[in-house]
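1. Just need the structure, nothing else, for what follows:
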Amino acid sequence: AAGQEVTNMALPVPPGAKQTALITGGRKQTSTILPDGTEIIEEFDVQTDQLLVRKRRRKTILGRELHWIYEVGAPPERVTIANDTLKESTVNPVFSRMDRIDCFEWRVRNLPYPKHTYTVDVDVKGREIIIRTSNKKYYKRIAVEDLDQLSLPLEPRALQWDHDNNTLVVQYRKPQALITAEREAAVARRKLGTADDPALAGWSEGDVQCPQQ
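-> Here you go, the predicted model:
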């Protein structure tokens, strides 16, 4: 919708934004700077163009950069000075989003309750997916900004979920209009340069393409 905050660069880049791209670690990585200084980094699989990571970082009024917020994927494991890896909790619920070509997927790990405990539905008016448990141990509202950006409705029939191995998996089938927009954005990314682009066949890992705006 007009005037709405843009967070998804898997869709076309908004006016006034600056974008660069490089190939690193077998992934296509784009960095987008929005007019307000917000930086968005997205990483795509080189072969399938599937979105693997999207993280966003804002600046304060004084220009100090805030911590990265992961919208898709998960942050890397942290390592202590003693070189011990800090593992995520195996007790507290851990929420993350993964993107697939045809659907969104959210996972909540460390939820040990029986399947009948969970209710997952769509709040059509509030434009969110709601996860709740009958024992009141877990509650989560999920906004789908990708649909908001294109003013697409949230359809209950597109939602499905399952629970297994202490993990709740929620999927939402992408509407065709969103899939088309993502394909158009993928074409734009290829113009920034990819390893399989014949026009940039000489690219090697770490090469950076000039900004596009």
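2. Now do the spatially most central residue of the chain against E145, distance only.
-> For the chain, the residue nearest the mean C-alpha position is V72 (2.7 Å; C-alpha atoms, centre = their mean). Separation of V72 from E145 (C-beta to C-beta, to the nearest Å): 11 Å. Yep, even glycine has a C-beta here, placed from its N, CA and C like the rest.
3. now swap in K125 and tell me
-> Between K125 and E145 the computed distance is 17 Å (C-beta to C-beta).
4. who's more crowded, the two?
-> Legend: neighbour count by other C-beta atoms under 10 Å for K125 and E145, higher for E145 (14 against 7).
5. Phi, psi for the more buried one please.
-> When quoted as degrees, to the nearest 10, the phi and psi of E145 stand at phi -60, psi -30.
6. The one 3 residues further on too?
-> D148 has phi and psi values of phi -60, psi -40 when expressed as degrees, to the nearest 10.
7. ok, it touching R127?
-> Yes: contact criterion C-beta atoms under 8 Å: D148 and R127 qualify, at 6.6 Å.
8. Where is the longest helix in this structure?
-> For the chain, the helix with the greatest residue count under DSSP state H is helix 176-192.
9. which secondary structure elements does that helix contact?
-> strand 18-24, strand 27-33, strand 208-212 (3 or more C-beta pairs under 8 Å, 6 or more residues apart in numbering; DSSP states H and E).
10. Compare those strands and give me the one nearest L159.
-> With C-beta to C-beta as the criterion, L159 lies closest to strand 27-33 of the helices and strands packed on helix 176-192, at 29.1 Å.
11. Just the angle for the closest one relative to helix 176-192, thanks.
-> 90 degrees (axes from the mean of the first three to the mean of the last three C-alpha atoms, to 10 degrees).
12. lowest-confidence helix or strand of the protein?
-> strand 208-212 (a mean of 40; mean pLDDT, DSSP states H and E).
13. Next, the contact list for T119, please.
-> T119 makes contacts with I130, I131, R132, T133, S134, as judged by C-beta atoms under 8 Å, 6 or more residues apart in numbering.
14. again, 6 Å this time
-> R132 (C-beta atoms under 6 Å, 6 or more residues apart in numbering).
15. Partner strands of the helix or strand it falls within and their direction?
-> In this assignment (DSSP states H and E), T119 forms part of strand 118-123. Looking at strand 118-123 with DSSP bridges, its partner strands are strand 128-133 (antiparallel).
16. Buried residues, the strand it pairs with. List them.
-> By 16 or more other C-beta atoms under 10 Å, the buried positions in strand 128-133 come out as I129, I131, R132, T133.
17. Switch those over to JSON lines; also include distance to T60 and pLDDT.
-> Formatted as JSON lines, the buried residues of strand 128-133 follow (distance: C-beta to C-beta, whole Å; pLDDT from 0 to 100):
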{"residue": "I129", "distance to T60": "31", "pLDDT": "98"}
{"residue": "I131", "distance to T60": "32", "pLDDT": "98"}
{"residue": "R132", "distance to T60": "34", "pLDDT": "97"}
{"residue": "T133", "distance to T60": "37", "pLDDT": "97"}
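18. between the residues you listed, which is closest to V187?
-> I129 (29.4 Å).
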